[in-house]
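give the three-dimensional model of this entry:
(3 chains)
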Amino acid sequence: MRRGRSWNAVLVAGLLFFVALVGLPFWWVVSGSFKIPQEIIARVPTMFPQSFTLEHYQKLLSSSDYGTYLVNSLVVSSLSAFITLLLAIPAGYAFFRLEFKGRETYYRIILLAYAFPSIVVLIPLFGMFAKAGLVDTRTALVIVNVAFALPFAIWMLRSFFASIPKEIEEAARLDGGPPLTVLWRIMIPLTAPGIAAVAIFAFVTSWTEYVFASVMILSDARRTIPVGFSGIIGQYQVDWGLLLAGASLAILPVVIVFAFIGRWFVTGLTEGAVK
Amino acid sequence: MARKPILAFAFVAPALLFLAATLVWPLVSAFVLSLQNVRGIGTSGQWVGLENYRFILTYAAFWESAGLSLVWVLANAIVQTLLALAAALILHQKFPGLRIARTWIILTWIVPTVVVVMIWRWLFSTSGGMINPLLIQLGILNRPMGFFATPESAFATLVFINSWRWFPFIALMMLAGLSRIPTELYEAARIDGASAFKRFTRITWPLLAPTLTVLLIIGTLLSFNVFDIIWLMTQGGPAGGTRTLPILIYETAFRSYRMSEAATIAVLATMLLMAFAVLATRSLARSGDER
Amino acid sequence: MAVTELKGVSKSFGVVRVIEPLDLTVESGEFMVIVGPSGCGKSTLLRMVAGLETVSGGSIAIDGVDVTGKEPSERGVAMVFQTYALYPHMSVRDNMAFGLEMAGLPKAEREILVRKAAETLQLEDYLDRKPKQLSGGQRQRVAIGRTIVRDPKVFLFDEPLSNLDAELRVQMRLEIAKLHRELSATMIYVTHDQVEAMTLATRIVVLRDGRIEQVGTPNELYTDPDNTFVAGFIGSPQMNLIPAHVTGTDNKGHALVDVPMLDVSGFAVPLRDPTVDLPTKAVFGVRPEDLIQCDEGATSDFTLTCELVEDLGSNVFLYNAASREDAIVAELPRGTHPAPGDRVPFRVSDGTSYLFSPDGQRL
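Okay, the predicted model is just below:
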C-alpha cells in the first residue's frame, strides 16, 4: 500500500519509539557488562562503553554454576514444551473437530484455568509433590510448567486446526485414514508453523518461570537460570557489573535459540496453517 | 460426523486429567484448607467451618489488597493494550526490516522475569541507573528520584515494567488478528475514499474487536496473577503500596505461617476471577464470534 | 461395477429438513448427475452416499451391501471435491498414493497404480510437484487421479468444475466423459449447471428443496418434463411458461387452449394423458428454440413485438419485454436482426408445446 509522507513520519517515529523501548534496556545491560566498575556507576552514564573488561564474566563464572543452571533450564524447558505439545495437539484437535458431549463446556473450563492465581496451587502442589517424593526434582518443574502452558496451547492449536479447510480432512477420511493417521500425516504437517509457535510459547513460559522453581528446587545442582540468577542477585546485591554480566548470560541462550526459530513464532502466530 | 465418542475421549482425556491433577485438585485442597486452622506447611489443624472467611472479609488488609489488585489489573490493561495496539498497527505496515522487528520485539517476553526485574531495578536505581540521568537530560526531572520510594511511584513503575514485559506478546496476538482482515476490504475502502482514520475506525477496529476482547480477558487474568515481578521488585512495599492479592496470599502463607487464612484469600480471589471470566466469556459468546 | 441404492433416505439438521425421504437407484456403470439450484440438498445427498454425513432416516446400499453406518473409507467410494482438497504438503504422487497406502498396499504396487493413473490423466511430468505448483486444471486432474487409483465401486463428484474458468470447464467435462467411457465405472455427479448435466449424464436427477422432481435421461427431461420446474431448469434459455385457459379437447389427444398474452385461441397442445380431467386455468409451455419465425404471408400462430435482441453469434434471441420474467423468448435464424417495435410472426413447431396444471404438474 502507498502511504502519505506525514503517515510515513508517524510510522518512523512510532518505530523508533518501540526500538528504544525494547532495545535500549538490553543495549545498556549488555554494553554495561563490559564496562569497568567506575564507568558503570559514573554520575553521567555512557551510551557507548569507554572501557572494556571481562572481569565481571570471569568473576561470575568462577563463583557460580552458570553452566549447570543453563543445562537445567534447557532440559526442563524442552521437556515441558514437548509434553505440552503431546497433550495439547490431540486435545486441540478433538476440541475443534471431534464431536462429543459437553465439548464447548470443557473448552471453556480449560481457559478458566488461568483464573487460578498460580500462588493458590503452589501450597497444595508442594504438599502433593512432597508425598510423591518429587520435591527438589526437575520432574516437578516440568509438571508445573506444562500445567501452566497447556490451556493456552490448546486454545491456540484449536484455532490453527480451524484454519484448515474441512474438505482436506474429508478427503483423508475417504482415503481411509484412521483419525490418528489423519492427525499425524495431514493435520500436523499442515499446522506445523502454528505448532512451532505453541512449542515456543511453552518453552518460554517454562524458561522464565521463577516462583515454583524457587520453592520446589532446594539443591544448587538442580536450579534453573531464574533461580540460580536470583541467588546471585541476593549474594552480590550492588555489584552491578557482575549482575549485568549475569543478566547478559541469562539472555544469551534464548537470543540464540530465537535467532533460529523466532520467525516461526511470528509466522506461526499470524498464519497458523498453510492455505 | 459419524465418529465414535471413545476416540474424542482418548484425545481429550490426557490433557483434562493432567489439568485436573495439577490445577483443579490443588484448588480443592486449598478450599479444604480454608475450612481449617492450619498454620505452618505440613502441620495439621482442626475444622473451623467458615471462621476464616468471616475473619478475612472483615480484614482491612484484604480489602486494601483487593482494591490494589483491581487498580493493578485496570492500569495494566490500559497501558498494555495501548502499547500493544500501537505496536501491532506499526508491525502491520510494510517497511524494510519488518521481519526483524516482528521477531525481536518479543525479546522482553522471552527473558526470565528475574532478569527483567534486575535490569529495571538497575536502570531505575539512583546509583548508576540510566533512567534518572536520561530524564534529567531531557529536562523532565531536575534531580534524581527514587522510583520505588513512595507507594504511588513504586506502583506506577511496576505497572510500566509488567506492561513492558507483556505488551509485545499481546501485540503479536493482535497482529495475528489484523492479518486475518482481508486486504481487499482496505482497498475497497480506499476506492470509496475513506481516510486512514476512517479505515481504522470502520474496518480495523470492528473486525479486530473480537480478538481484542479475548486478549483483554486473558490479559486480565494473567496480570491479576502476576506475582514474581512484584515480589522480586518490592516485596509488596513500600508501606504495602504494591501488595496485591497474590502478594498478600504469599506473605500470609510463608511469612506469617497462616496457611488456612492464605488459602481463604486464595479461594476468594479465585471465585472473583472465575466470576469475571465466566461473565466475560459469556458476553463474548453472545457477541457471536464463536464458530 | 456396483448398484447404488438409496431407500427412504432423509436428512435433517436440527429441525430443518434438507432431504425429504427419497428412493433412488443408480445402476451399475451409470453416470448419474444430480442437478438442482443451490441449497436444494444435492451436495448433502452426495455426502450421505460418501458417508461424510449421517443419514437421518433410510438406508444406503452399495453393491448389495448396506453401508448406512459405515465409515467413508469402508464404502468403496472415492470423491472429487469442488475445492480439490489436495494435501498441500504432499507431492502429486503422494496425494494419489495416500489412499492406497492407507489400504495397506505395498510401495511398489502403489507406484504402478499411480503411474497408470498419471498416464491416463497426462500427469506423468508433474508427479513430484506440490499442488501449489500446478494450474487449476492440473489440480483437478490430480483430484480425479486420486480417485482413479483406488478403483472404487462408485465415483462421487461434488461440483468438480465450478472453480475452473469456462474454457477449462469444457475441456475437463470432455475428459470426465471420456474417463467414464474408458473405466465404465459408476459415477454420481453433483452440479448446479444444467449444461454439465445434459452433456455428461446417462440419467439426471433434478432435485428441489430436498425432493426429487424427476429422474430420466437428458433427452427425457428435455422433451418430456414432469413439471414446470424441470421444464424451466433444463434448457437454456428457459422454456416460456405462459398462463392459459383450457377451452376443450379434440379427439387426437390434444387440449385446446387460449393464450391471451399471445392473442391465441383454440391452440392444440399434446397431452400426456388424454383421459385426465383438465382444469380451466393452466400453464402453456414452449421452448424458445421451438418457436419458428414465419415467412411473410405464411400462416403463423401468433406475433411477438420485438423489444430486445440478444445476438450470441451462433444464436439470436428475441425478447418481447425488457425484463426476463415477463418476456417471451424466441430463437431467430442466425443473422436476423429485427428492430425494436417490429412485429415478428411465429409458429410453434409440431408437438413441442406442453401444458401444465396451475400447481406446475404436467398434464
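
C:Pro225 belongs to a helix, doesn't it?
No: read with DSSP: H, G, I helix; E, B strand; the rest coil, C:Pro225 is coil and lies in no helix.

now do the same for the closest residue in space to it that isn't next to it in sequence: its pLDDT.
Using CB to CB, 6 or more residues apart in numbering or on different chains and skipping the chain neighbours, the partner closest in space to C:Pro225 is C:Ala231 (3.9 Å). (C-beta placed from N, C-alpha, C; glycine too.) C:Ala231 is assigned a predicted lDDT (pLDDT) of 93.

go on, A:Lys275?
On the pLDDT scale, A:Lys275 gets 36.

from the contact counts, what lies against whichever helix or strand A:Phe17 is part of?
In this structure, A:Phe17 is located in helix A:5-32 according to DSSP states H and E. Secondary-structure packing of helix A:5-32 (3 or more CB pairs under 8 Å, 6 or more residues apart in numbering or on different chains; DSSP states H and E): helix A:240-271, helix B:60-91, helix B:98-104, helix B:107-110, helix B:113-124.

any idea which of the ones you listed gets closest to chain C?
Distance to chain C, taken as CB to the nearest CB, is lowest for helix A:240-271 among the helices and strands packed on helix A:5-32, at 12.9 Å.

give me the angle between that closest one and helix B:60-91.
Angle of helix A:240-271 versus helix B:60-91, following axes from the mean of the first three to the mean of the last three CA atoms, to 10 degrees, is 60 degrees.

do you know how far A:Val146 is from A:Phe203?
A:Val146 is 11 Å from A:Phe203, where distance means CB to CB, to the nearest Å.

for A:Phe52, that is, sorry about that
33 Å.

hang on, isn't C:Leu121 packed against C:Ala143?
No: using CB atoms under 8 Å, C:Leu121 makes no contact with C:Ala143, being 10.0 Å away.

so those two - more neighbours on which side?
C:Ala143 (25 against 20; other CB atoms under 10 Å in any protein chain shown).

which parts of chain C sit against chain A?
Within reach of chain A by CB under 8 Å from any CB of the partner chain, chain C has these residues: C:50-52, C:71-74, C:77-79, C:81-89, C:98-99, C:102-103, C:146, C:150.

could I get the pLDDT score of B:Leu284?
At B:Leu284, the pLDDT recorded in the model is 66.

oh, that last question was meant for C:Glu30, not what I typed.
Confidence score, pLDDT, at C:Glu30: 93.

now it. Its backbone dihedrals?
phi -80, psi 150 (degrees, to the nearest 10).

who touches it in this structure?
C:Thr186, C:Met187, C:Thr202, C:Arg203 (CB atoms under 8 Å, 6 or more residues apart in numbering or on different chains).

neighbours around B:Phe254, how many?
17.

look up phi and psi at it.
Dihedral angles for B:Phe254 - degrees, to the nearest 10 - are phi -110, psi -10.

for chain A, see how far away it is.
To chain A, B:Phe254 is 9 Å away according to CB to the nearest CB, to the nearest Å.

kindly report the same for C:Pro340.
Taking CB to the nearest CB, one finds C:Pro340 at 48 Å from chain A.

next, the buried residues of whichever strand or helix holds A:Ser80.
Taking DSSP H and E as the criterion, A:Ser80 maps to helix A:66-96. Within helix A:66-96, the residues that count as buried by 16 or more other CB atoms under 10 Å in any protein chain shown are A:66, A:68-70, A:72-74, A:76-81, A:83-85, A:87-96.

which residues are in contact with the next helix or strand after that helix?
Using DSSP H and E, the next helix or strand after helix A:66-96 towards the C-terminus is helix A:103-112. Contact partners of helix A:103-112, identified using CB under 8 Å, 6+ apart, comprise A:95, A:150-151, A:154-155, A:158, B:8, B:12, B:15-16, B:19, B:218, B:274, B:277-278, B:281.

any idea how far helix A:103-112 is from the chain center?
24 Å (CA atoms, centre = their mean, to the nearest Å).

burial count for C:Arg347?
15.

from the stretch 251-363 of chain C, which residue is nearest to chain B?
C:Arg324 (29.6 Å).

what about B:Asn142, which SS state?
Under three-state DSSP, B:Asn142 comes out as coil.

what is the neighbour count of it?
B:Asn142 has 8 nearby residues by other CB under 10 Å.

can you tell me how far the residue nearest to C:Pro225 is from C:Phe302?
20 Å.

which pLDDT value belongs to the residue nearest the centre of chain B?
For chain B, B:Ser223 is the residue whose C-alpha lies nearest the centre (CA atoms, centre = their mean; 1.7 Å). Note for B:Ser223: predicted pLDDT of 89.

what does the one 10 residues further on give?
Predicted confidence (pLDDT) for B:Met233: 88.

so it sits in a strand?
No: B:Met233 is assigned helix when assessed by three-state DSSP, not a strand.

does it touch B:Ile119 like I think?
No: using CB under 8 Å, B:Met233 is not in contact with B:Ile119; the gap is 11.0 Å.

end to end, how far does stretch A:21-41 reach?
22 Å (CA to CA, to the nearest Å).

mind listing what's buried in that stretch?
By neighbour count on 16+ other CB under 10 Å, the buried set for stretch A:21-41 is A:21-22, A:25-26, A:28-35, A:37, A:39-40.

and stretch C:64-84, by the same measure?
C:67-68, C:72-73, C:75-84.

stretch C:36-49 vs chain B: in contact?
No: Stretch C:36-49 does not reach chain B (CB under 8 Å from any CB); its nearest approach is 10.5 Å.

report pLDDT for A:Gly67.
For A:Gly67, pLDDT reads 84.

ugh, typo on my part, it should be B:Ala101
Looking at B:Ala101, its pLDDT stands at 87.

neighbours of the closest residue to it other than its chain neighbours, how many?
Excluding the flanking residues, the one nearest B:Ala101 by CB to CB, 6+ apart is B:Leu91, at 6.2 Å. Neighbour count for B:Leu91, taken as other CB under 10 Å: 25.
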